[in-house]
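1. Here you go, sequence then predicted model.
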Amino acid sequence: MTVSFPALDKRINRDTESLHDFLWHDEKGDESALVSKLLKDGRDADAFLQLGGRLRKNAQALANELRTPAHGESLFELLGHSWALAAATVLLGKGAHRAAAERAKNAIASASIGVCANAGCFEFVQEWEGGKIDFAAYTKKLAGFLEPKGVVNTSQFRRMLNAVYEFGVNWNVVASQPEQALAARTAIEGAAWCLLASVSIRELLGSPPKFPVRDFAEIVERIVRRI
């Protein structure tokens, strides 16, 4: 039987947070138990979203080599980003427009961090997360750093990141329900574009994630079709 959305959402959020702490905060715990949970998450999310095995197979390949350089990070991105986008579509369908926009915002914020980490400008993330600059200043710095490296349309990437982030943090609660629904949908579609653009940028920089880009693009496209 397919797991319910609330149960699966709670579980994947918990497990990807544990993976985050395992990778970046040295909270090792029981690695084999964590891998088992992540494998189950990948299987259940794939079934819930009807992704034809694309998420399940790629999550399995990465989870089985969690300690191989960049594999754990790629698993965090593959599962965390695709699920955040998917959760946004489910929440949109339930009429939880603000919550949907927030999940879209979370997805692109995380993806931007991945770009910074792999481009060699993680200090921008530290400035933003440390409260020294706001998100708009952070994305401006990122775009300025990427442009000399031959990344085209960095200003477009920055503007889309900012737009999705703005929907997620400054919600117009007095807008009509149709307007709020369209705002949430716009945030989701913008987030989907940002996720694919972030992977393309990393490919150009020579540091792509360890999952097949074509599979990820298909996962994102199938999720967006749920709107």
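-> Received the coordinates, thanks.
2. Next, the contact list for the residue most central in space within the chain, please.
-> By Cα atoms, centre = their mean, the mean C-alpha position of the chain lies nearest to His81, the distance being 2.5 Å. His81 makes contacts with 107, 110-111, 195, as judged by Cβ atoms under 8 Å, 6 or more residues apart in numbering. (C-beta placed from N, C-alpha, C; glycine too.)
3. what about the chain, any weak spots by pLDDT?
-> By pLDDT under 70, the weakly predicted segments of the chain are 1.
4. Let me see the contact set for Gln180.
-> By Cβ under 8 Å, 6+ apart, the residues touching Gln180 are 97-98, 171-172.
5. quick one, phi psi at Lys149?
-> For Lys149, the backbone dihedrals (degrees, to the nearest 10) come out as phi -90, psi 10.
6. My guess is it contacts Ala119. True?
-> Yes: using Cβ atoms under 8 Å, Lys149 is in contact with Ala119, at 7.3 Å.
7. Show me whatever sits in contact with both of those two.
-> Leu205.
8. Comparing the two, which shows the higher neighbour count?
-> Ala119 (19 against 13; other Cβ atoms under 10 Å).
9. Quick check: that one vs Gly29, distance?
-> Look at Ala119 and Gly29: by Cβ to Cβ, to the nearest Å, they are 30 Å apart.
10. Kindly report the same for Leu55.
-> Counting by Cβ to Cβ, the gap from Leu55 to Gly29 is 24 Å.
11. One more: Phe76?
-> 15 Å.
12. quick one, which of those two is more surrounded?
-> Neighbours per residue (other Cβ under 10 Å) separate Phe76 from Gly29, with Phe76 holding more: 22 against 10.
13. List the buried residues in the longest helix anywhere in the chain.
-> In the chain, with assignment by DSSP state H, the single longest helix is helix 177-205. Using 16 or more other Cβ atoms under 10 Å as the test for burial, helix 177-205 gives 180, 183-185, 187-202, 205.
14. Please pull up the helix or strand immediately following whichever strand or helix holds Lys57.
-> Assessed by DSSP states H and E, Lys57 sits inside helix 54-63. Using DSSP H and E, the helix or strand that follows helix 54-63 in sequence is helix 71-93.
15. Dump the contacts of Gln180 into CSV; add secondary structure and distance to Ala59 as well.
-> Output for the contacts of Gln180, formatted as CSV (DSSP: H, G, I helix; E, B strand; the rest coil; distance: Cβ to Cβ, whole Å):
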residue, secondary structure, distance to Ala59
His97, helix, 29
Arg98, helix, 29
Trp171, coil, 32
Asn172, coil, 36
